[in-house]
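Okay, structure incoming, though there's no sequence with it:
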């Protein structure tokens, strides 16, 4: 049996497995049925795979590995069983054995599987080795990872460099990372890749028609700005990335409680993740015309802070009533999206730590994404799965648009009800898109609550790797 597996640990009851599966987002009735089927016939490969899935939902990962290992001895050529076994091994950190199992399972039918599994392991190793050392020295050994010749080390390095950039920015506290410092990071990245950057700062935002960005950021001592990075040949397909850059979010006059404000240095996670993606794209030299827009602000409180029930005319011309000052991210994104849309790009993709409702719906590890383009959604979902960069499509449910109605303006920045907050936020942003061929919104969390393989506790670059794989598949 597998070393380290406690096979004498009592297995959970069938009912407990069902409850655990339901709590993990699975189907309780299905979990119960598979558990009963496994107990009736432990040599049934399909029952084993699904029973092991229920065990993992229950938290008994090593027990799941032990069950799968025993079954793999009986069925050494069952591809689905071996795939589940390999993935379970990787989940508990036994990567070497996992690769051997996956290689054995897939090499006959998929000659690229070993390359993909080894590259994924190398990526997990590199990302798991990340440490934030700006303020505290970390003890550790220097480790050099030797890659086989059939793994693209250059691509691996650019992905790791991008994720590291995002994590470093998100981990940096707001006293050292305000709008100006975020602009400096964008300029440093641009200089590295020969891109151009311009910024509209402070009162110039009003003169150049970015009233919502100005309204959100005007109360802070550090002036708000819109950062605009461009790269690539003008004749190539136009791709515009937009990242929410709220360097700290107090909630404004609708101030957050202590627990809600504690981690708000990460509220520029969308901007950081889009800079990471921009690095990957530019370093690979994809054949596209890249534009990165970052509205960078601090949502602070002072005598000049914007107020509930204020009404502002957006760049697009829509009037917006402020229902809540803590829904500031969608306001600054709205002006940036309107600017991007004027260029009629092939794709606008925005990314933001936008709503707590997204976390209620899907938890912290699976960001929802929204788009009207079914082909784009299917392609992105496939890339999210293959890159182990989870995303889940959520609906742009049009009837919920009525919840954003205002009696004095074209739209309210928050919904009138307490439900579907991530959907209504996406619907709000959707109103500022008209000419772009496709639009995509990702509602990310940008933080790992606990350390897991490849994902240390702290800042996280979510969705960027999946988007990068999508862009490579289209423009590589």
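Received it, and whenever you're ready, just let me know what you need. All of these numbers come straight from a predicted model, not from anything done at the bench. Residues are numbered from 1 along each chain as shown.

Find the nearest non-adjacent residue to residue 235, please.
Nearest non-adjacent residue to residue 235, counting by C-beta to C-beta, 6 or more residues apart in numbering: residue 289, 7.6 Å away. (Glycine included, C-beta is placed from N, CA and C.)

Neighbours of the one you found, how many?
19 (other C-beta atoms under 10 Å).

Would you mind measuring from the nearest residue to residue 456 once chain neighbours are set aside to residue 397?
Once flanking residues are discounted, residue 456 sits nearest to residue 130: 5.6 Å by C-beta to C-beta, 6+ apart. For residue 130, the distance to residue 397 equals 37 Å [C-beta to C-beta, to the nearest Å].

And for residue 165?
35 Å.

Compare the two and say which one has the larger neighbour count.
residue 165 (22 against 12).

isn't the more buried one right up against residue 189?
Yes. With contact defined as C-beta atoms under 8 Å, residue 165 reaches residue 189; the gap is 7.3 Å.

Which strand runs longest in this protein?
The single longest strand within the chain, with elements called by DSSP state E, is strand 289-299.

what residue ranges in the stretch 101-250 of the chain are flagged as low confidence?
For the stretch 101-250 of the chain, applying pLDDT under 70 flags the ranges 103-117, 140, 150.

Show me where it has its strands.
196-201, 225-231, 238-243, 245-249 (DSSP state E, counting those that start in this stretch).

Make CSV from these and add mean neighbour count and distance to residue 414 to it.
CSV is the format used below for these (neighbours: other C-beta atoms under 10 Å; distance: least, C-beta to C-beta, whole Å):
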stretch, mean neighbour count, distance to residue 414
strand 196-201, 16, 26
strand 225-231, 23, 23
strand 238-243, 26, 20
strand 245-249, 30, 15
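
Would you quantify the distance from the closest residue in space to residue 158 that isn't next to it in sequence to residue 51?
Of all residues not flanking residue 158 in the chain, residue 283 sits nearest, at 4.3 Å (C-beta to C-beta, 6+ apart). Residue 283 is 44 Å from residue 51, where distance means C-beta to C-beta.

what is in contact with residue 165 and residue 189 at once?
275, 279 (C-beta atoms under 8 Å, 6 or more residues apart in numbering).

Contacts for the longest helix along the chain, please.
In terms of residue count, the longest helix belonging to the chain (DSSP state H) is helix 153-171. With contacts defined as C-beta under 8 Å, 6+ apart, helix 153-171 is touched by 119, 122-123, 126-127, 130, 132, 134, 147, 177, 182, 185, 189, 265-266, 268-269, 271-273, 275-277, 279-280, 283-284, 446-447, 458-461, 464-465, 468.

In it, which residues are buried?
155-156, 158-171 (16 or more other C-beta atoms under 10 Å).

Check stretch 398-406 too.
Using 16+ other C-beta under 10 Å as the test for burial, stretch 398-406 gives 400-401, 403-404, 406.

okay if I get those residues as a markdown table plus pLDDT?
Putting those into a markdown table (pLDDT from 0 to 100) gives the following:
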| residue | pLDDT |
| --- | --- |
| 400 | 98 |
| 401 | 97 |
| 403 | 98 |
| 404 | 98 |
| 406 | 98 |
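
What is the nearest of those residues to residue 43?
Nearest to residue 43 among these: residue 400, at 49.0 Å, using C-beta to C-beta.

Give the helix, strand or coil label for that closest one.
Secondary structure, DSSP: H, G, I helix; E, B strand; the rest coil: residue 400 is helix.

before we move on, what about residue 312?
Three-state call for residue 312 (three-state DSSP): strand.

ditto for residue 76
coil.

Burial check on it, number of neighbours?
For residue 76, the count of nearby residues is 11 (other C-beta under 10 Å).

Torsion angles phi and psi at it?
Dihedral pair for residue 76: phi -70, psi -10, per degrees, to the nearest 10.

got the contact list for it?
Contacts of residue 76 by C-beta under 8 Å, 6+ apart are residue 82.

Please tell me the pLDDT value assigned to it.
On pLDDT, residue 76 comes in at 86.

Residue 7 now?
34.

Same question for residue 68.
The model's pLDDT for residue 68 equals 88.
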